[in-house]
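Asks: attaching a predicted model along with its sequence, questions to come.
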Amino acid sequence: MDHDGQLTFDDDPDALRMKSAINLLRLGQFSQATAAFGAIFEHDPEYPDIDTAIKASRFWENRTDAIASGSAGLEKGKFLKEQWNIFETFIGSDERVDNLPAINAIRTYVFTEAIHCYTRAWENTIAPDISLVHDIGECYFNIRDYAKAVETFEYAWELKRDSSRILSRLADTCEAMAGDSRELRKRALLLFREAFLHNPREIEIERLRSHLIRHLAAEVREAGFTGEEIPCWIPIHAAFGHSFSVKRELEEHEVHGLQDQAARLEADLGKSGTNARILLPVLLNRYIWLLDHYTLQVNDAVKAELVRKRFLERDPQTYARVYSRQDPKKTASQPA
């Protein structure tokens, strides 16, 4: 009751029980939480989302002994992560369910505990374990501590600069924490563009929360591509709508690298048994990067025309879709 004598949320006994039960979930006390949710259900079976709360709590209650039996370390951290993945499928997680207080409380417990386990494992490593650093960053992302996640993914990226998996997670985190920050949104686009250049097949599309990437992935699936083909075609579909509009200048050695990679891919595509549905978009993306470089950065019309001809000979329809809406010279560029 407030100062004016009006009933408040805290006067509702079921609301108080729900608040207490959610706190128990956050502490990992799943048996007590299940009992508290059960009491709410007995009093009001129609209480909002009580079925989901009971279902979620019982899932983790059934794993309490397994969680308690392991000592903090890598294996326990992996177990928690694996069980969370199973839990997401079990609970039928969508955006609404994903943001329920009970689910958020369980997420906080699971990934805070996993961070503790992975940190203990990190302390016992002799050489830097990039995969372990990545997993710690993923845990921070899942509890929505985006600043820590960025810091962790940046450290992992310093250890392995050519990792598209790490770079895509860094980009995803920048987008998640951007809010009204134009700079963070621009950085996310820049990093996604970079990630889908190096080794797109190692990007875990299903783990990314980016609305842009999810939209592009859905678009690629609708075009008939599946499996490892999807991340390879995402940057091409991004180019159709100029989604990766923030670009950086290339160093001379990077230009030579793209030229060499394009030549090798052209040769590979000429061999029998080649999976063109994967190699073709990887080649086309290099054409796009080279054209951006020659038209935006160095204004070399001769080299740009050579790349343009190769692009048109290889896939005139894709070329037309990429460049029909907008002159590439008008696309925004970012310094390195």
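Replies: Thanks, I have it. Residues are numbered from 1 along each chain as shown.
Asks: which one is the spatially most central residue of the chain nearest to, not counting chain neighbours?
Replies: A centroid search over the chain (Cα atoms, centre = their mean) returns residue 208, at 2.2 Å, as the residue closest to the centre. In this structure, residue 208 finds its nearest non-sequential neighbour in residue 172, 4.8 Å apart by Cβ to Cβ, 6 or more residues apart in numbering. C-betas here are computed from N, CA, C, even on glycine.
Asks: element containing the one you found?
Replies: According to DSSP states H and E, residue 172 maps onto helix 164-178.
Asks: pLDDT on that helix, on average?
Replies: Mean pLDDT, helix 164-178: 97.
Asks: who does that helix touch, helix- and strand-wise?
Replies: If you count contacts as 3 or more Cβ pairs under 8 Å, 6 or more residues apart in numbering; DSSP states H and E, helix 164-178 packs onto helix 130-142, helix 146-159, helix 182-198, helix 211-222.
Asks: nearest to residue 235, of the ones you listed?
Replies: Between residue 235 and these, the shortest separation by Cβ to Cβ is 4.0 Å, and it involves helix 182-198.
Asks: state which helix of the chain is the longest.
Replies: For the chain, the helix with the greatest residue count under DSSP state H is helix 101-123.
Asks: off-centre distance for that one?
Replies: Relative to the centre of its chain, helix 101-123 is centred 18 Å away, using Cα atoms, centre = their mean, to the nearest Å.
Asks: ok, residue 178 touching residue 186?
Replies: No: applying Cβ atoms under 8 Å as the test, residue 178 and residue 186 come out as separate, 9.0 Å apart.
Asks: tell me the pLDDT of residue 4.
Replies: At residue 4, the pLDDT recorded in the model is 52.
Asks: for residue 20, what are its contacts?
Replies: Residues near residue 20 by Cβ atoms under 8 Å, 6 or more residues apart in numbering: residue 36.
Asks: residue 63 now?
Replies: Applying Cβ under 8 Å, 6+ apart to residue 63 gives the contacts residue 83.
Asks: how about the backbone phi and psi for it?
Replies: The phi/psi pair for residue 63 (degrees, to the nearest 10) reads phi -110, psi 10.
Asks: now it: how far from residue 91?
Replies: From residue 63 over to residue 91 the distance is 14 Å, taken as Cβ to Cβ, to the nearest Å.
Asks: same check, this time on residue 103
Replies: In terms of Cβ to Cβ, residue 103 sits 7 Å off from residue 91.
Asks: need the residues touching each of the two.
Replies: 52, 56, 97.
Asks: mark which of these are buried, thanks.
Replies: 52, 56 (16 or more other Cβ atoms under 10 Å).
Asks: how far does stretch 30-48 sit from the chain's center?
Replies: Using Cα atoms, centre = their mean, the offset of stretch 30-48 from its chain centre is 34 Å.
Asks: just the residues contacting that stretch, thanks.
Replies: Counting by Cβ under 8 Å, 6+ apart, 13-14, 17-18, 20-22, 24-25, 50-51, 53-54, 57-58, 60-61, 64 sit against stretch 30-48.
Asks: again, but for stretch 298-311
Replies: 262, 266, 284, 287, 290, 291, 294, 295, 318, 319.
Asks: in TSV: these, plus neighbour count, secondary structure and pLDDT.
Replies: As requested, these are exported to TSV (neighbours: other Cβ atoms under 10 Å; DSSP: H, G, I helix; E, B strand; the rest coil; pLDDT from 0 to 100):
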residue	neighbour count	secondary structure	pLDDT
262	22	helix	98
266	15	helix	97
284	23	helix	98
287	23	helix	98
290	23	helix	98
291	21	helix	97
294	21	helix	97
295	21	helix	95
318	21	helix	97
319	19	helix	97
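Asks: neighbours of residue 158, just the number please.
Replies: 12 (other Cβ atoms under 10 Å).
Asks: distance check, it against residue 151.
Replies: 11 Å.
Asks: need the contact list for the closest residue in space to residue 312 that isn't next to it in sequence.
Replies: Leaving aside its chain neighbours, residue 312 sits nearest to residue 319 (5.2 Å; criterion: Cβ to Cβ, 6+ apart). By Cβ under 8 Å, 6+ apart, the residues touching residue 319 are 308, 311, 312.
Asks: one more: residue 59?
Replies: 87, 90, 91.
Asks: what's the helix or strand for it?
Replies: helix 50-61.
Asks: just the C-alpha atoms of that helix, please, in PDB.
Replies: Provided in PDB are the C-alpha atoms of helix 50-61 (Å, rounded to 0.1, in the frame of the first residue of the first chain):
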ATOM      1  CA  ILE A  50       3.200 -19.500 -14.400                       C
ATOM      2  CA  ASP A  51       3.200 -22.600 -16.500                       C
ATOM      3  CA  THR A  52       6.400 -21.500 -18.300                       C
ATOM      4  CA  ALA A  53       8.100 -20.600 -14.900                       C
ATOM      5  CA  ILE A  54       7.300 -24.100 -13.500                       C
ATOM      6  CA  LYS A  55       8.400 -25.800 -16.600                       C
ATOM      7  CA  ALA A  56      11.700 -23.900 -16.700                       C
ATOM      8  CA  SER A  57      12.400 -24.300 -13.000                       C
ATOM      9  CA  ARG A  58      11.800 -28.100 -13.100                       C
ATOM     10  CA  PHE A  59      14.200 -28.400 -16.100                       C
ATOM     11  CA  TRP A  60      17.000 -27.000 -14.000                       C
ATOM     12  CA  GLU A  61      15.900 -28.700 -10.800                       C
END
